[in-house]
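> Have a look at this prediction, sequence included:
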Amino acid sequence: MNTSETPPDGVYFRNSPHVSDTSRVSGLGVYSGEQVQLLCYAFGDGVGPYSDALWYDVLNVSRPTNQGVPDRGYLNAHYINDGKVANQADAGVPACGSTPTPQPSPAPAPTPAPQPATTADAAATWAKAQVGKNLDSNLCLTFAFAAYSAAGRNLRTAVSVPITSNTYPADLWGYFTSGTTGTGANAPAGALVFWASKTGDRTLSHVTVSIGGGTMVSTTDSLNESVVHLETFAQRSYSIELGWWLP
């Protein structure tokens with residue numbers, strides 16, 4: 001690089017906006033006709049006939065590297081054909097060392113809307129609300145179906161056998177056309193739990209509505225012959241669990 005720093009020679013980059021602060025490394029700067037990217041600006045020593053004190057920290061985009069290092073440094077605006085008068089910085093270039101304008105924080109994610117209760121949850125809630133009411137012990141199947149009816153589901157369409165006045169819970173077990181079945185006290189809320197009599201008498205079979213946690217809502221039975229009540233799986237040891245059905 002010629003050290004005259006007059007066209008068509010090259011210009012050394014500076015380490016700061018001062019004429020004397022240069023490492024004078026050959027090729028570390030710009031030659032006539034090369035293009036630079038303006039990274040930021042600062043004011044320092046005046047250069048040229050108009051004492052232009054505006055300096056830019058620039059990157060030589062025509063030769064981005066020089067001897068393996070970025071071809072970058074301070075260059076006085078006198079050597080840049082930017083169409084500006086002396087000492088006038090380009091409006092789109094920030095001052096060197098300035099703090100970038102903080103970007104607005106993204107709006108917080110909206111709080112998810114409460115999820116509507118499932119049909120099974122709604123059925124369990126309805127059944128629990130009947131605790132303490134006086135319902136005949138022969139209405140356990142009607143009670144279970146009413147819980148789902150209150151939740152907007154007609155269970156008659158989910159069984160493959162006809163339901164008449166002579167239908168008992170044991171008659172329905174195993175004839176479901178939808179849903180999930182299982183056994184044990186882990187019956188989910190809304191599951192209908194079917195029980196058989198140890199005597200084998202189908203007319204003594206029973207169905208309860210699980211509310212989860214091993215607890216069920218039952219119409220009147222041997223445990224409570226007066227009202228709808230809560231009972232646990234352990235309390236029904238006098239019956240045989242057929243299983244539970246979550247429609």
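Nice, I can see it.

> Low-confidence regions, this protein specifically.
Residues of the chain meeting the criterion pLDDT under 70: 1-8, 99-103, 113-117, 136-138.

> can you list the residues that contact the longest strand anywhere in it?
Identified as the longest strand of the chain according to DSSP state E is strand 36-47. For strand 36-47, the external contacting residues (Cβ atoms under 8 Å, 6 or more residues apart in numbering) are 16-19, 30, 52-62, 72, 74-80, 82, 87, 89-90, 93-98. For the C-beta atoms, the positions are set from N, CA and C on the backbone; glycine is no exception.

> buried residues in it?
With burial defined by 16 or more other Cβ atoms under 10 Å, the residues of strand 36-47 counted as buried are 36, 38, 40, 41, 42, 44, 45, 46, 47.

> Ok, stretch 146-165 next?
Buried positions in stretch 146-165, judged by neighbour count with 16+ other Cβ under 10 Å: 146, 147, 148, 150, 151, 153, 155, 158, 159.

> Equivalent analysis for stretch 203-215, please.
204, 205, 206, 207, 208, 209, 210, 211, 212, 215.

> what about it, how long is it end to end?
Distance between the two ends of stretch 203-215: 23 Å, counting by Cα to Cα, to the nearest Å.

> Any chance you could spot the residue sitting in the middle of the protein?
residue 109 (9.0 Å; Cα atoms, centre = their mean).

> looking at this, that one is in a strand?
No: according to DSSP: H, G, I helix; E, B strand; the rest coil, residue 109 belongs to no strand; its state is coil.

> Mind picking the two most distant members of the buried residues of stretch 203-215?
204 and 212 (26.1 Å; Cβ to Cβ).

> Can you give me the domain boundaries for the chain?
The record's domain parsing of the chain by automatic domain parsing lists 11-79, 119-246.

> how about residue 210, phi and psi?
Note on residue 210: its backbone torsions stand at phi -70, psi 140 [degrees, to the nearest 10].

> do you know how far it is from residue 135?
18 Å (Cβ to Cβ, to the nearest Å).

> still on that earlier bit, just the CA coordinates for the longest strand of the chain, please, in PDB.
Extracted in PDB, the C-alpha atoms of strand 36-47 (Å, rounded to 0.1, in the frame of the first residue of the first chain):
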ATOM      1  CA  VAL A  36     -16.800  -0.600   2.600                       C
ATOM      2  CA  GLN A  37     -19.600  -1.300   5.000                       C
ATOM      3  CA  LEU A  38     -20.200   1.400   7.600                       C
ATOM      4  CA  LEU A  39     -20.500  -0.200  11.000                       C
ATOM      5  CA  CYS A  40     -20.500   2.900  13.300                       C
ATOM      6  CA  TYR A  41     -19.200   6.500  13.400                       C
ATOM      7  CA  ALA A  42     -17.100   8.600  15.700                       C
ATOM      8  CA  PHE A  43     -15.500  12.100  15.600                       C
ATOM      9  CA  GLY A  44     -11.700  12.600  15.800                       C
ATOM     10  CA  ASP A  45      -9.000  14.300  13.800                       C
ATOM     11  CA  GLY A  46     -10.000  16.500  10.800                       C
ATOM     12  CA  VAL A  47      -8.900  15.300   7.400                       C
END
